[in-house]
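**Q** Everything below, folded, please.
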Amino acid sequence: MNSIISKFYSAFTSLDAEGMVAYYHDDIVFQDPAFGQQKGERAKNMWRMLCQSQKGKDFRMEYSDVTSKGIYARAHWEAHYNFSQTGRRVHNKIDASFKFKDGLIVQHDDSFNLHAWAKQALGFKGIVLGGTSFFQRKLNAQTNAMLSKFESR
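**A** I've put the predicted structure just below:
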């Protein structure tokens, strides 16, 4: 399972969304603080949208600490990018957990400190609101609207 996670993140370092989603099972369930829960093709499209949005920009990511036991795996990854809405530089530190089925990733959970992310991405507004459930709901609504728009094109 370590090799699948390494290949998944290697594809991400080059913003190769198709390379990433090739390791996702059709029944994939993805979850993180920014997008909430995404399933199936919508989870795959989230990566397609994110990779497309960073091409030609100052994006960098690295991954480490890939471990697996049975059908479960974990990894740590860090993303460095400019948040498009504010232009502010973000360095997001993410811990990921995975579950496998039929040799593919069927569950992928990314966890990170949303308040720390909001401070970097939004500045003062993120400091004040970034730790609230109101902020997370609003962010989830915004990211899901962007994903729906991406899917409808």
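**Q** who does the longest strand seen in the chain pair up with?
**A** When the chain is parsed with DSSP state E, its longest strand is strand 89-101. Take DSSP bridges as the rule and strand 89-101 pairs in its sheet with strand 72-82 (antiparallel), strand 104-111 (antiparallel).
**Q** So what pairs up with residue 109 in the strands?
**A** Beta-bridge partners recorded for residue 109 (DSSP bridges): residue 31, residue 97.
**Q** ok now do it, which residues does it touch?
**A** Contact analysis of residue 109 by C-beta atoms under 8 Å, 6 or more residues apart in numbering lists 30, 31, 32, 96, 97, 98. Glycine gets a C-beta too; all of them are placed from N, C-alpha and C.
**Q** hmm, back to that, export the strands paired with strand 89-101 to CSV and append columns for distance to residue 19 and mean pLDDT.
**A** Shown next, in CSV, are the strands paired with strand 89-101 (distance: least, C-beta to C-beta, whole Å; pLDDT from 0 to 100):
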stretch, distance to residue 19, mean pLDDT
strand 72-82, 15, 98
strand 104-111, 13, 98
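**Q** so which of those strands gets nearest residue 24?
**A** For residue 24, the closest of those is strand 104-111, at 5.3 Å, according to C-beta to C-beta.
**Q** From the chain's centroid, how far away is the helix of greatest length in the chain?
**A** Identified as the longest helix of the chain according to DSSP state H is helix 133-152. Here the centre of helix 133-152 is set off from its chain's centre by 13 Å, with C-alpha atoms, centre = their mean, to the nearest Å.
**Q** Can you list the helices and strands that it packs against?
**A** Contacts defined by 3 or more C-beta pairs under 8 Å, 6 or more residues apart in numbering; DSSP states H and E place helix 133-152 against strand 36-39, helix 40-54, helix 114-122.
**Q** contact partners of the helix or strand just after the last one?
**A** Sequence-wise, the next helix or strand downstream of helix 114-122 (DSSP states H and E) is helix 124-129. By C-beta under 8 Å, 6+ apart, the surrounding residues in contact with helix 124-129 are 115, 117, 118, 119, 120, 122, 135.
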